[in-house]
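K.L.:
Build me a model:
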Amino acid sequence: MCKKTVKVAMIGMGERGKQLMEPLLKMEDVTVTAVCDAYEDRTVAAAQTVEKENGNVPFASCDYKEVLARADVDVAVISTSWEYHIAIAIEAMHRGVFAAMEVGGTYNLQECFDLVEAYEQTKTPFFFLENCCYGRRELMCLNMARAGAFGEIVHCDGAYKHDLRKEVSFGKENRHYRLPHYIHHNCENYPTHELGPIAKILGINRGNRMVRLVSMASKSRGLAQYIRDTKPEDSELLHTEFKQGDIVTTVITCENGETVTLTLDTTLPRIYSRNFTVHGTKGMYQEDGDYVFLEKDLTVDIAEIDVDPQKIWKNADKYGEEYDNDLWKHKSEGMIAGGHGGMDYLVLRAMLSAARGESYPAIDAYDAAAWMCITALSEQSIANGSAPVEIPDFTNGKYKNRTEKSSGKYALDF
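P.N.:
Residues are numbered from 1 along each chain as shown. Modelled structure (predicted):
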C-alpha cells in the first residue's frame, strides 16, 4: 500500500549524508524521523538541521541499530564510510526497513553475496543510490540504445577521474574515510559511477552479465608528491607509503561479447570527467567533447572531422531534443535545486517511488553486488600480475530471463 509520507532515517551524516538529506528535507512527502552518525557532533548537527528546516525533532543516536529498531522508520538512507554500507543495509533488510544504500565498492567479495542473500531471504526492498544512472547524457544514451541509434553496442568506456588529493591527504583532519583505503589497497575503488549507467545500457543482470575482468595499476606517486608540496609538516603522512596506484585500468568482458574499460584517476592533477562513452556499429557518444557521432547523419567527409573534431564537438544538445529523458526535458524545481546537477534529486525520487511500492527498484541488490564487486576483483587481479578474474553471477542464472523490472518515469530497465 502506498504511503502518503515516507519516514526516513539518515545513517551517516558526513558530507555525503548532508548532501542527500538536503533535498529530502525539501520534499513534502518525506519526513526525516531519525539521524545517526558514529560521531556525536555530526548527529547533533544533523538533528538541529532537521528541526530548523522541518520543525520536527528527529530521534538522534550514534548507534544505527537503535535507529533501525524504531517503528517510525520506513527507509534507511545509508551514507556511512564505504566499509559499513553493506552490513547496515543487511541489518535494515532483516528488520524490514527499506534499505537505500549510497555507492562505493567493497574489498570483500563475500559481502556482495551476503547482500543478495539478505534480500532473497527477507524480500525487503533495496535500492542502490547510484545517482549517475540519472545523469542527463547517461539517460539520453540509454534512450538512444533502446531506439537502436547506436546500432549494436560493442564497447563502452567509463571513468572516475576526480582530483581527490586534498580530500584524501586531509582525511585525518576531516575525519574522512578515504585516507586508509589509499594507504592499504590498490584497486578500482570507486567503480559504480561509471559502470552503473553502462550496465543498464548493456542489460547487465537482464539478459547479459559481466563474466571476467583484468585490472592493472600504475605506480603510486601522486599523493606522496602532493603531501611533500602541501603538508611537509605532516611527518606521519610524509613517510607513508601509499599502496593505491595513481591510474587503475580495468577491462571487463561481457557474456554477449561487449567489453567495458573503467579508469580510476584520483591522485593526479586533473579536471573532472567520467569519460562516459558508448561505441556501436552505427555510431557513438563521448562525454569528453560531449558529442554524438552517428554515421547516418554524416554530412561532411569523415576526413574533415578527423582533421577538425570541433565540427561535431558539443553537438549532443541537438540529439537531446529527440532522445532526452522526459525527466530532463521537464525539470522540476526540486531537481534544479538538487545536488550534482539534479542527479541526487532524481535518484532519491526513484528510490521513494520504489519505497512506496509504485515500482520495482530501478537499481536493485543484484545490480549493487555486480557493480561493487569490481573493487575486490580488481584488487585480486592487480595483486596477481593483472591475471584474469571471473565475475560471479549474483542472480544465480536468473539474469537470463528476469521478470522484475522497474517501471514508470524513473525506470532504467529495457
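K.L.:
Lowest average confidence across helices and strands of the chain, where is it?
P.N.:
One helix or strand of the chain scores below all others by mean pLDDT, DSSP states H and E: helix 333-337, with a mean of 74.
K.L.:
buried ones in it?
P.N.:
Neighbour counts over helix 333-337 (16 or more other CB atoms under 10 Å) mark 334-335 as buried. (Each C-beta comes from the backbone N, C-alpha and C, glycine too.)
K.L.:
next structured bit after that helix?
P.N.:
Once helix 333-337 ends, the next helix or strand along the chain (criterion: DSSP states H and E) is helix 343-355.
K.L.:
Specify the local secondary structure of residue 310.
P.N.:
helix (DSSP: H, G, I helix; E, B strand; the rest coil).
K.L.:
residues touching residue 253, list them.
P.N.:
210-213, 259 (CB atoms under 8 Å, 6 or more residues apart in numbering).
K.L.:
May I ask which of the residues you listed has the most neighbours?
P.N.:
Counting neighbours by other CB atoms under 10 Å, residue 210 leads the contacts of residue 253 with 26 neighbours.
K.L.:
is it true that that residue touches residue 191?
P.N.:
No. Assessed by CB atoms under 8 Å, residue 210 is found out of contact with residue 191, at 10.9 Å.
K.L.:
Quick one: distance of the longest helix along the chain to the chain centre.
P.N.:
For the chain, the helix with the greatest residue count under DSSP state H is helix 365-383. Distance of helix 365-383 from its chain centroid, counting by CA atoms, centre = their mean, to the nearest Å, is 13 Å.
K.L.:
going forward can the numbers begin at 29, since that is how I track them
P.N.:
Sure thing, new numbering starts at 29, so read that last one as helix 393-411.
K.L.:
Count the neighbours of residue 195 for me.
P.N.:
Applying other CB under 10 Å, we find 15 residues neighbouring residue 195.
K.L.:
So which of the contacts of residue 281 sit within strands?
P.N.:
In strands, defined here by DSSP state E, the members of the contacts of residue 281 are 238-241, 287.
K.L.:
Including distance to residue 230 and pLDDT, could these go into a markdown table?
P.N.:
Shown next, in a markdown table, are the ones in strands among the contacts of residue 281 (distance: CB to CB, whole Å; pLDDT from 0 to 100):
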| residue | distance to residue 230 | pLDDT |
| --- | --- | --- |
| 238 | 9 | 98 |
| 239 | 12 | 98 |
| 240 | 15 | 98 |
| 241 | 14 | 98 |
| 287 | 10 | 99 |
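K.L.:
Which residue ranges of the stretch 79-228 of the chain form strands?
P.N.:
Under the criterion DSSP state E, counting those that start in this stretch, the stretch 79-228 of the chain contains strands at 87-89, 103-106, 126-129, 154-156, 181-189.
K.L.:
related to what we said a few turns ago, extract the C-alpha set from the least confident helix or strand of the chain and format it as PDB.
P.N.:
Presented in PDB, the C-alpha positions along helix 361-365 are these (Å, rounded to 0.1, in the frame of the first residue of the first chain):
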ATOM      1  CA  GLU A 361      12.100  23.000  -9.100                       C
ATOM      2  CA  GLY A 362      13.400  20.300  -6.700                       C
ATOM      3  CA  MET A 363      15.600  18.800  -9.400                       C
ATOM      4  CA  ILE A 364      17.100  22.100 -10.300                       C
ATOM      5  CA  ALA A 365      17.900  22.800  -6.700                       C
END
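K.L.:
Which neighbouring elements make contact with it?
P.N.:
Applying 3 or more CB pairs under 8 Å, 6 or more residues apart in numbering; DSSP states H and E, we find helix 361-365 packed against helix 371-383.
K.L.:
Give me the buried positions along the helix it packs on.
P.N.:
For helix 371-383, the neighbour count (16+ other CB under 10 Å) marks 371-383 as buried.
K.L.:
now it: mean pLDDT?
P.N.:
For helix 371-383, the mean per-residue pLDDT is 96.
K.L.:
just stretch 54-62 next, same as before
P.N.:
If you average the pLDDT values across stretch 54-62, you get 97.
K.L.:
so residue 107 sits right up against residue 42, yeah?
P.N.:
Yes. Contact criterion CB under 8 Å: residue 107 and residue 42 qualify, at 7.2 Å.
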